[in-house]
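J.: Below is the sequence, then the predicted model.
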Amino acid sequence: LKSISTKDLVPLLNKPPRWNEKKKAYMLDFKGRVTRSSVKNFQLVDAIKDPDHKNVILQHGRVGLNRFTMDVSHPMSILQGFCVGLSSLHAKKAVD
């Protein structure tokens, strides 16, 4: 493991929601791309190079009963984004 280079790794974190005084709730701004509330809605940002969390690298959210949308940007590939989105929908049946 010591020979593995980590210089090109981008650590990601869930963008923390902001308090919306009008709705009295914590919310994320999906710029109109997500239309339904869900615990499966999330945005990922660069944990080190973007301390203000302004550049969303991946966002995933519900747009219908069984429909979701996903947007991805550099440095994440579409395949990587799809894998992240798919893993967020997986039901953890073996976990109590």
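T.: Alright, I've got the coordinates.

J.: Mind jotting down where the helices sit in the chain?
T.: For the chain, the helices defined by DSSP state H occupy 78-89.

J.: residue ranges with poor pLDDT in the chain?
T.: 1, 91-96 (pLDDT under 70).

J.: Residue nearest the middle of it, spatially speaking?
T.: Most central in the chain under CA atoms, centre = their mean is residue 43, positioned 2.8 Å from the mean C-alpha point.

J.: How much space separates that residue from residue 12?
T.: Look at residue 43 and residue 12: by CB to CB, to the nearest Å, they are 10 Å apart. Glycine gets a C-beta too; all of them are placed from N, C-alpha and C.

J.: Overlap in contacts, these two.
T.: residue 58 (CB atoms under 8 Å, 6 or more residues apart in numbering).

J.: show me the residues around the residue nearest to the centre of the chain that make contact.
T.: Residue 43 neighbours (CB under 8 Å, 6+ apart): 14-15, 28, 30, 56, 58-60.

J.: isn't residue 69 right up against residue 32?
T.: No - assessed by CB atoms under 8 Å, residue 69 is found out of contact with residue 32, at 10.5 Å.

J.: Among the two, which residue is more densely surrounded?
T.: residue 69 (16 against 6; other CB atoms under 10 Å).

J.: Which residue, other than its chain neighbours, is closest to that one?
T.: In this structure, residue 69 finds its nearest non-sequential neighbour in residue 63, 5.0 Å apart by CB to CB, 6 or more residues apart in numbering.

J.: List the contacts of residue 11.
T.: Counted by CB under 8 Å, 6+ apart, residue 11 has contacts 46-48.

J.: hmm, which of those residues are the buried ones?
T.: Neighbour-count burial (16 or more other CB atoms under 10 Å) applied to the contacts of residue 11 gives residue 46.

J.: Closest one of the contacts of residue 11 to residue 90?
T.: residue 47 (23.2 Å; CB to CB).

J.: Spit out the contact partners of that closest one.
T.: Per CB under 8 Å, 6+ apart, neighbours of residue 47: 11-13.
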